[in-house]
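Q: Structure for this input, please:
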Amino acid sequence: MQEIPNHNGIIVAAMYHFVHVPNPALEQKELQLVCEKAGIKGTLLLATEGINGTICASRNGVTTLVSYLRSHPLFAPIHVKYSKADDDVFFRLKIRLKREIVTMGVPDTDPNHIVGSYVAPQDWNKLLEDPDILVVDTRNSYEHAIGSFDGAIAPQTETFRDFPAWARQLAKQDAQKRPKKLAMFCTGGIRCEKATSYMKSLGFVEVYHLQGGILKYLEEIPASESKWHGECFVFDHRVSVRHGLEPGNYEMCHACRMPLGEDDLEHAAYVEGVSCPHCIDRLDERDKIRFAERQKQMELARQRGEQHIGGKQRCKS
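A: Residues are numbered from 1 along each chain as shown. Down below sits the predicted model:
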């Protein structure tokens, strides 16, 4: 079990656990009380299939929440991965009830019933060298675009709901074209729990997934030995992280939420808080006026030394 890092700033904790939750609304109320007392910010999702989320707080705050979860009869085995930040990477606390803790749209998929084989980060490189294996990035196309593993293919999905359709097409291939083995990965491991479960339900026998996801790999594998290229998109105000889980170099478009690299930020379509090359053609004048006003309010809040909810917070070193 990973120890919470000693750090005087902010601890970021990504967590999930698939388990049958009889009364998610009751768990929501109890979690709300625990998190508010501990000064937690971030998002936790609850559904009958389990719990998922990423939060941030002081080390004491994170310790309080994790201790509560570890002592809970349902959530005790929860997977938690930690990283460090200089400032809050979320602005507020949200604990939401959902139909799924990671939305794939196939209700019968149950990782507690059937799931792929875990591969530890230190064994992942060797697996990637297997000539019979198809390496699949289960994340969305915008995540894949800023970083991935050597030789990995991307299903080109816009959301995880698109993944089952791609998987069914792969399963329909004839025996000569159909891959013998699958190696799947995602950011923190949760999407692969469902993705590998679904692939096995389609008849794939040898299905592997990276234990702890990309974040665990970047934490444990030195850059000199790594088969990862680029940065890993994260769903908080850091936008991306690099090896050692150091904050990356990407910004986020606050109109469409796409990660923006140096070329994007220098593009004529980029206007801070208003538009970027990815969304400029989809915005009408009302959108641009509304986003420009929001950006103005953010700037005024920054000048007053305040946080504007929905604004950008830099955690870059």
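
Q: Name the nearest residue to residue 220, ignoring sequence neighbours.
A: residue 121 (4.6 Å; Cβ to Cβ, 6 or more residues apart in numbering). The C-beta positions use only the backbone N, C-alpha and C, and glycine is treated the same way.

Q: any idea how far that neighbour is from residue 227?
A: Separation of residue 121 from residue 227 (Cβ to Cβ, to the nearest Å): 11 Å.

Q: Of the two, which one has the most company?
A: More crowded of residue 121 and residue 227, by other Cβ atoms under 10 Å: residue 121, with 19 against 16.

Q: And the pLDDT at that one?
A: If you check residue 121, the pLDDT there is 97.

Q: let's number from 2 now, not from 1
A: Will do, 2 is the new start, and the previous item becomes residue 122.

Q: That one contacts residue 214, correct?
A: No. The pair residue 122 / residue 214 is not scored as a contact, 9.3 Å apart, by Cβ atoms under 8 Å.

Q: Find residues that contact each of those two.
A: Counting by Cβ atoms under 8 Å, 6 or more residues apart in numbering, residue 122 and residue 214 have no contacts in common.

Q: my guess is residue 30 is in a strand, correct?
A: No. Residue 30: not assigned to a strand; according to DSSP: H, G, I helix; E, B strand; the rest coil it is helix.

Q: Measure how buried it is and give me the count.
A: Residue 30: 10 neighbours (other Cβ under 10 Å).

Q: before we move on, what about residue 27?
A: Counted with other Cβ under 10 Å, residue 27 comes out at 11.

Q: What does the pLDDT read for it?
A: Reported pLDDT for residue 27: 98.

Q: Using the three-state scheme, assign it.
A: The three-state label given to residue 27 by three-state DSSP is helix.

Q: quick one: it from residue 115, how far?
A: For residue 27 relative to residue 115 (Cβ to Cβ), the value is 28 Å.

Q: Distance of the residue nearest to residue 221 relative to residue 282?
A: To residue 282, residue 122 is 40 Å away according to Cβ to Cβ.

Q: which intervals of the stretch 52-201 of the chain have sub-threshold pLDDT?
A: Along the stretch 52-201 of the chain, no part satisfies pLDDT under 70.

Q: Which parts of it are helices?
A: 60-71, 122-129, 142-145, 164-172, 191-202 (DSSP state H, counting those that start in this stretch).

Q: model confidence over the biggest helix by length in the chain, on average?
A: Assignment by DSSP state H gives helix 286-304 as the longest helix of the chain. Averaged across helix 286-304, pLDDT comes to 85.

Q: nearest residue to residue 145 other than its sequence neighbours?
A: The shortest distance from residue 145 to any non-neighbouring residue, by Cβ to Cβ, 6+ apart, is to residue 155 (4.1 Å).

Q: what residues are up against that neighbour?
A: Here residue 155 is in contact with 138, 140, 142, 145, 149 (criterion: Cβ under 8 Å, 6+ apart).

Q: pretty sure residue 50 contacts residue 22?
A: Yes. Using Cβ under 8 Å, residue 50 is in contact with residue 22, at 7.4 Å.

Q: higher neighbour count, those two?
A: residue 50 (23 against 20).

Q: per-residue confidence at that one?
A: On the pLDDT scale, residue 50 is placed at 96.

Q: which residues touch it?
A: Per Cβ under 8 Å, 6+ apart, neighbours of residue 50: 19-22, 101-102, 111.

Q: quick one on the thing from earlier: any idea how far the residue nearest to residue 221 is from residue 216?
A: To residue 216, residue 122 is 10 Å away according to Cβ to Cβ.

Q: what do you get for residue 231?
A: 14 Å.

Q: And residue 308, what's its pLDDT?
A: 59.

Q: that older thread, give me the buried positions along the longest helix of the chain.
A: Judged by neighbour count (16 or more other Cβ atoms under 10 Å), helix 286-304 contains these buried residues: 292, 295-296, 299.

Q: Likewise for stretch 197-210?
A: 197-202, 205, 207-210.

Q: Buried members of the contacts of residue 50 into PyMOL, please.
A: Applying 16+ other Cβ under 10 Å to the contacts of residue 50, the buried members can be selected in PyMOL as follows:
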select buried, resi 19+20+22+101+102+111
